[in-house]
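Student: how does the following fold in three dimensions:
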Amino acid sequence: MRVQHSKFDELRIQVVEEALERGNVALTARKHGLSPYSLYKWVKQYRDEVEMTMSRKKNMDRLEVQPQTTGDWKEKYEQATKLIGEKELEIAILRDLVKKLIHTSNGSGPAMDPKRLSGKQDPEAV
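Tutor: Model (predicted):
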């Protein structure tokens, strides 16, 4: 029984491909003595299967592009950790600089003038 089912599937695929090549499902259905409705269903199933196969292939290709070894993941982790450390150091330096600017401006002048820092000029000063 399996052989007959397989032959039917092959015949069905041939008819569907013929309908797609011709671009006329109803005419192809008449030629083979089939119901146009049945052939439309077969064409839809065929297209759905092809789209699903293509989607699976794209997903598999995407998975292959990503790093596959533990070494690759470790390397990316080390790079990220190093970058985080650099950013934390940069933040600490900037905080110290702000503290120093605030400290020096408290006593003697324009070091921490908000207008000066923002780049805007006081219209009254002009």
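Student: where are the low-confidence patches of the protein?
Tutor: For the chain, the stretches flagged by pLDDT under 70 are 1-5, 62-68, 107-126.
Student: show me how it divides into domains.
Tutor: With domains defined by automatic domain parsing, the chain comprises 1-66, 69-117.
Student: comparing the ones you listed, which comes out most buried?
Tutor: domain 1-66 (a mean of 12; mean count of other Cβ atoms under 10 Å). In short, each C-beta sits where N, CA and C put it, glycine included.
Student: packing partners for the host helix or strand of Glu17?
Tutor: For Glu17, the host element (DSSP states H and E) is helix 2-22. When contacts are defined as 3 or more Cβ pairs under 8 Å, 6 or more residues apart in numbering; DSSP states H and E, helix 2-22 sits against helix 25-32, helix 36-65.
Student: okay if I get the ones you listed as CSV plus distance to Ile102?
Tutor: Below are those laid out as CSV (distance: least, Cβ to Cβ, whole Å):
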stretch, distance to Ile102
helix 25-32, 79
helix 36-65, 50
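Student: of all those helices, which one is nearest Ala19?
Tutor: With Cβ to Cβ as the criterion, Ala19 lies closest to helix 25-32 of these, at 4.0 Å.
Student: wait, which of the helices and strands packed on helix 2-22 is closest to Leu97?
Tutor: Evaluated with Cβ to Cβ, the helices and strands packed on helix 2-22 place helix 36-65 nearest to Leu97, the distance being 42.6 Å.
Student: for the closest one, packing partners?
Tutor: Judged by 3+ Cβ pairs under 8 Å, 6+ apart, the packing partners of helix 36-65 are helix 2-22, helix 25-32.
Student: any chance of these in TSV, with distance to Lys100 too?
Tutor: Shown next, in TSV, are these (distance: least, Cβ to Cβ, whole Å):
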stretch	distance to Lys100
helix 2-22	75
helix 25-32	80
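Student: contact partners of the helix holding Glu17?
Tutor: Val25, Thr28, Ala29, His32, Leu34, Leu39, Trp42, Val43, Tyr46 (Cβ atoms under 8 Å, 6 or more residues apart in numbering).
Student: same list (the residues you listed) but as CSV, adding distance to Thr53.
Tutor: Formatted as CSV, these follow (distance: Cβ to Cβ, whole Å):
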residue, distance to Thr53
Val25, 22
Thr28, 23
Ala29, 25
His32, 25
Leu34, 24
Leu39, 21
Trp42, 16
Val43, 16
Tyr46, 11
